[in-house]
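Asks: What shape does this take:
(chains A, B, C and D)
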Protein chains: 2
Amino acid sequence: MKNLKMKFARIEQDISQIELANRIGVTRQTIGMIEAGDYNPSLKLCIAICKELGKTLDDLFWEEDSNEK
Amino acid sequence: MKNLKMKFARIEQDISQIELANRIGVTRQTIGMIEAGDYNPSLKLCIAICKELGKTLDDLFWEEDSNEK
DNA sequence: TATATATGTAAAATATAGTTGACAAATGCA
DNA sequence: TGCATTTGTCAACTATATTTTACATATATA
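Replies: Numbers count the residues shown, from 1 in each chain, chains lettered A, B, ... in the order given. From the prediction side, this is the model:
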């Protein structure tokens, strides 16, 4: 499932996937795959993304009624 | 850094590392290492732990003033 | 037209999360 | 005392996240 909350938070900051990736220290493909969903990033990476976008884990990565284990 | 919030949440539920691991579908070593810190679990695993312990990502894995990137 | 920027995607390589099996130590209870 | 439960840890293995390189498409702008 796509992570639109993260994509919107990034667009709010008016930065590209490349810019976000560079600031965090990962590749743009990694950012793209997370936004595209069907991906399982590490906790450290999630936290780095949150801090760069001024959000928390719950803001960007928590789905109250998520079925996936 | 140790994840005491997760450890306390587990103890609150009165379940062992083994029990939590079994419910989630990982090994007890994995749970132990996350509680011991210096570990970087996947987002899916963090979410599974949260749901089993009745907490959210921010409850167990968010540090407002975390320095790690 | 062309040129640059942003994004999607894919295959192969590398780094690391997570497993498996085992042994040791601490605790509680008979 | 013993015995079971819980936890810590380690080494070797497997699964998968992330990188690297590359090619494609869409859009905006000169």
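Asks: all contacts plus neighbour counts: C-alpha atoms, from now on.
Replies: Will do.
Asks: now chain A, which segments are flagged as low pLDDT?
Replies: A:65-69 (pLDDT under 70).
Asks: if you set the cut-off to 80 instead, what comes out?
Replies: Filtered on pLDDT under 80, chain A yields the residue ranges A:64-69.
Asks: Give me the residues contacting stretch A:30-47.
Replies: Here stretch A:30-47 makes contact (C-alpha atoms under 8 Å, 6 or more residues apart in numbering or on different chains) with A:1-4, A:6-7, A:17, A:20-21, A:56-57, A:61, B:40-44, B:46, B:62, B:68-69.
Asks: Would you mind writing the PyMOL command to select the buried ones in these?
Replies: The buried subset of these, as determined by 16 or more other C-alpha atoms under 10 Å in any protein chain shown, is captured in PyMOL by this line:
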select buried, (chain A and resi 3+6+7+17+20+21+56+57+61) or (chain B and resi 41+43+44+46+62)
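Asks: gap between the two ends of stretch A:2-21?
Replies: For stretch A:2-21, the first-to-last residue distance is 18 Å (C-alpha to C-alpha, to the nearest Å).
Asks: One more: stretch A:7-16?
Replies: End residues of stretch A:7-16 are separated by 10 Å (C-alpha to C-alpha).
Asks: One more: stretch A:22-31?
Replies: Taking C-alpha to C-alpha, stretch A:22-31 runs 10 Å from one end to the other.
Asks: try stretch A:50-63
Replies: One end of stretch A:50-63 to the other measures 15 Å (C-alpha to C-alpha).
Asks: how close does the residue in chain A that chain B sits nearest to sit to B:V26?
Replies: Nearest to chain B, among the residues of chain A, is A:S42, at 4.2 Å (C-alpha to the nearest C-alpha). Counting by C-alpha to C-alpha, the gap from A:S42 to B:V26 is 16 Å.
Asks: picking up where we left off before, can you tell me how far the residue of chain A closest to chain B sits from B:N40?
Replies: Going from A:S42 to B:N40 by C-alpha to C-alpha gives 6 Å.
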